[in-house]
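> curious how this folds, go ahead:
(4 chains)
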Protein chains: 2
Amino acid sequence: MTRRTVVTITDVAQRAGVSRTSVSRYLNSNLENLSSETAARIANAVRDLDYRPNAWARSLKTRHSGLIAAVVADLRNEHILAVLDGIEMVVNTERYSLLISNTQNRPDYEGKMIERLIQQRVEGVILQPCDDRQSSAVQSLKREGIRVVLMDRSLDILPPLDTILLDNQNAIDQAMHHVIQQGYHHVLYVTDPAEHVTSRRERETAIKRQDYNTLDVSIFVRKNSDTFQLGQTIEHWRTMNPEDHRVIICANVATTLFTVAVLDQMHIQVPKDMGLMAIDDPPWAPYVLGGITSIAQPTIDLGRTAAERLMNRIQGNDSNPGRVLRLSGHLVERGSTKRVHTL
Amino acid sequence: MTRRTVVTITDVAQRAGVSRTSVSRYLNSNLENLSSETAARIANAVRDLDYRPNAWARSLKTRHSGLIAAVVADLRNEHILAVLDGIEMVVNTERYSLLISNTQNRPDYEGKMIERLIQQRVEGVILQPCDDRQSSAVQSLKREGIRVVLMDRSLDILPPLDTILLDNQNAIDQAMHHVIQQGYHHVLYVTDPAEHVTSRRERETAIKRQDYNTLDVSIFVRKNSDTFQLGQTIEHWRTMNPEDHRVIICANVATTLFTVAVLDQMHIQVPKDMGLMAIDDPPWAPYVLGGITSIAQPTIDLGRTAAERLMNRIQGNDSNPGRVLRLSGHLVERGSTKRVHTL
DNA sequence: ATGAAAGCGCTAACAG
DNA sequence: CTGTTAGCGCTTTCAT
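Numbers count the residues shown, from 1 in each chain, chains lettered A, B, ... in the order given. The predicted structure follows:
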C-alpha cells in the first residue's frame, strides 16, 4: 500500500539540517530558543515529510498521555448521551482524547476496564460507578496517580473524591410538591433495584420520607424486563384506590419507557385514569401521553462539570480534597399530570 | 498522596531475581521459554509490587497501541448510541480500547480530530464522515497505515474503503410501498440538507425516483431549527391536497422529533389529518402519536459489523479491497399510518 | 531456559 | 541559540 516507512523526528532533523533537540523545541513551541530561520527550516521539513510526532514516545518521556476516560454504566441509556456530549466538549477543548468504556452495570467488567485504562496510562477517569461497594479499582487508579471524578453516582470512599451528582433529594421533593399541588393522593413510584446504586437509593430514600404526609406512597421495583408484574401491580393499586387521585412517578428514563409501554398495553388513559411523572426529561417527553411532566436533569452540565473538575485536577492542584457537587433539576410541567376529574 | 513511585519491569525483575527479558516473556505469555519455577517467582513479584505494564513503552516497541477510534458526526443523535454500543462490544471483546470523537458535522473539526488520532497512533478508525468531499484526512490515515472503515455514510474515494451502510434505497422503497398500500397519494418528505451527506442524499434520490408513479411527492428541507417554515409548508401542502391521502415521511430521528413538534403545535391529528412515517425506529416510537410507523435500522449491527470489519483488517489481511456492505432496514407498522377516512 | 544489549521516538538537562 | 547525551519502560535479537 501507500504504507511509507514511518518518519521520525530524526528524519526531520536531518532534512532541516539541525539537531533533534531543535525540532523537539519547535514542536513544543519552545520558540524562545529558536532563531526564526531554523524554525522556518524545520517547518518546511515537517511539511515536506508530512511528519507527525509519535504520542507514545512523547508520553513515555513526559508522562502525559493526553488521554481521558469516561466509564459509564450503560451506554444504551439515552440519558448518558448528553452527559457524554458535555464531557467530550470539554475534553476536546483541552486537546485531550476521550476513551469510553461501557461497564453494562457489571462490577467485574468495571474492574477489568479500569485495569486496562491504567495500563493505557490515562491521565484521568470520569466514572459512573455501577456498585458503591466496589472501590478497589478506584483505589488502584488513585495509587497510580490517576485523577478520578465520580459522576451521577457516588461511592463510599474516604477521603471523598470529586463527585458530580443530581440533587436527588431535591428532585424528588420537587416532584412530590408538584404532585401534591395537583391534588394527587396516591403515588406509585416505579424504580429499578436500588441496591448499590446510589442515585436510585437516594431517590427511593427521599420518596420514603414521611414529610409528604398527605400522600400515600407505594413502590414498585422492576426486577426484569417483563411487563407483567408491573401491569398486575398497577391494576391492584388502582383497585385499592378507586377514587382517582393516582399518579405514577418513574425513577428514570428506562422505567418511564417501561411504564409507558405497560400503560399502553393496559389501555390506561393518562392523565384521565392516572397521572404520570418522570425523573429526567428526554427529548421525546413532550410528545408522549400528551406530554410527560418531568424533573429535567442538567445532563450536559453534569458531563461538562465533571470534565472540568477532572481537567482542573490534572492541570494543576490535585491537593484540595474532593468535593461533592449536587446540581439541581427543574420541574417541566406537561399534560401527563393535569388532573381531569377533580372533585 | 499514595502516589508511590511508578513500578517498572526492572523492579519486578529485581524482586524476582531474574532478568527483564524473562519478565517480559512472562507478561506476554511466552511460557515456552520459562521454567514454571521462574514463572511463579515472577507472578509473585508482579502481585507483590502491584505491577502494571506501561502501554506506551510497549506500543513504542511493538507498534501496536490497542486503540481504536470511532469518529461520529453528531453525538447528540440518539441513533448513534446503539451504533456505538455495537462498536464498543466488539472492540472490548478484542481487548482494545475505544476512543470517541464528535465532529459535530464540521469537516474542519473532523480533520483536526483525525490528525490527533494519527498522533495517538490508533490502529484503526471507524468514521462517519461529515462531508463526502473531505477525504484528505482519510488519505492521511491510510498513508500512516491506519485501517479505516466507513460507517453510515460513505466517501468518494478510490480504491474504496470498507463501508457499512443502511440500504437507503431499499429503506425508502419499503416506506413507499407501505404508504401506497395504505392508500396514500400525497407524500411530504421532511429531511435535513443532503448536500454532502451521502445517507441523506441517497434517501432523497430514492424518494425522487419516478417509480412510485401513483404518488405525488413533495420535499421539505429543514434549514434550521425554526419550526415556522415547516408549519407553513405543511399548512400549504394540506390546503393544496384537501382530499386526505396525505402522509409525511421523516428522513431520520431528528426530523421526526422536529416534525412531531410542529404537528403538535398545529394541533394536527395523526393519523386522522395525515399519516406519518419515519426512517429509523427509536425506542419511543411506539408511544408517540399512537405509535409511529417506521423503517427500523439495524443500528447495533451497523456498529458491530463495522467494528468487526475493522478488527479483521487490523488483525490480519488488509490486502483484499474494501467492500461496501448495505444492511437492510425493516418496516415496523404502527398507528401513525392507519388511514381512517378511507373513501 | 535465561540474560545482555540494543533500540522504539521522543524530551530534557547540561554544555557550549 | 544550538547540539550532545542520557534516558522514559518495554521488547527482541542473539548469545550462552
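> which residues touch residue A:286?
A:292, A:334, B:261, B:264 (C-beta atoms under 8 Å, 6 or more residues apart in numbering or on different chains). Heads up, the C-betas are built off the backbone N, CA and C, glycines and all.
> how about the strands in the stretch 1-150 of chain A?
A:67-72, A:97-102, A:124-127, A:147-151 (DSSP state E, counting those that start in this stretch).
> list of residues touching the third one?
Translated: strand A:124-127. By C-beta under 8 Å, 6+ apart, strand A:124-127 touches A:68-71, A:87, A:114, A:117, A:138, A:141, A:146-151, A:303, A:306-307, A:310-311, A:313-314.
> dump that strand to PDB, keeping only the CA atoms.
C-alpha atoms of strand A:124-127 as PDB (Å, rounded to 0.1, in the frame of the first residue of the first chain):
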ATOM      1  CA  GLY A 124      -7.900  10.900  34.400                       C
ATOM      2  CA  VAL A 125     -11.200   8.900  34.600                       C
ATOM      3  CA  ILE A 126     -14.700  10.100  34.900                       C
ATOM      4  CA  LEU A 127     -16.600   7.200  36.500                       C
END
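> listing partners with orientation, what would you give for it?
strand A:67-72 (parallel), strand A:147-151 (parallel) (DSSP bridges).
> quick one: mean pLDDT for the first one?
When you say that, I think you mean strand A:67-72. Across strand A:67-72, pLDDT averages out at 97.
> what's the angle from that strand to strand A:97-102?
Angle, strand A:67-72 to strand A:97-102, by axes from the mean of the first three to the mean of the last three C-alpha atoms, to 10 degrees: 20 degrees.
> for chain A, give me the ranges with low pLDDT.
Residues of chain A meeting the criterion pLDDT under 70: A:1-4, A:340-343.
> chain neighbours aside, what residue packs nearest to the closest residue to DNA strand C within the stretch 201-343 of chain A?
Nearest to DNA strand C in the stretch 201-343 of chain A, going by C-beta to the nearest atom of the strand, is residue A:315, at a distance of 15.1 Å. Nearest residue to residue A:315 in three dimensions, chain neighbours excluded: residue A:94, at 7.8 Å (C-beta to C-beta, 6 or more residues apart in numbering or on different chains).
> what is the burial count for that neighbour?
Counted with other C-beta atoms under 10 Å in any protein chain shown, the neighbours of residue A:94 add up to 15.
> list the buried residues in stretch A:12-25.
A:12-13, A:15-16, A:18, A:22-25 (16 or more other C-beta atoms under 10 Å in any protein chain shown).
> quick check: phi and psi at the closest residue to residue A:102 other than its chain neighbours.
In this structure, residue A:102 finds its nearest non-sequential neighbour in residue A:75, 4.0 Å apart by C-beta to C-beta, 6+ apart. Dihedral angles of residue A:75 (phi, psi; degrees, to the nearest 10) stand at phi -70, psi -20.
> give the contact list for residue A:75.
Here residue A:75 is in contact with A:100, A:102, A:104, B:81, B:84-85, B:88 (C-beta under 8 Å, 6+ apart).
> please convert the residues you listed to JSON lines, extending it with neighbour count and distance to residue A:180.
Formatted as JSON lines, the contacts of residue A:75 follow (neighbours: other C-beta atoms under 10 Å in any protein chain shown; distance: C-beta to C-beta, whole Å):
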{"residue": "A:100", "neighbour count": "24", "distance to residue A:180": "41"}
{"residue": "A:102", "neighbour count": "25", "distance to residue A:180": "39"}
{"residue": "A:104", "neighbour count": "18", "distance to residue A:180": "38"}
{"residue": "B:81", "neighbour count": "23", "distance to residue A:180": "36"}
{"residue": "B:84", "neighbour count": "27", "distance to residue A:180": "41"}
{"residue": "B:85", "neighbour count": "18", "distance to residue A:180": "39"}
{"residue": "B:88", "neighbour count": "23", "distance to residue A:180": "43"}
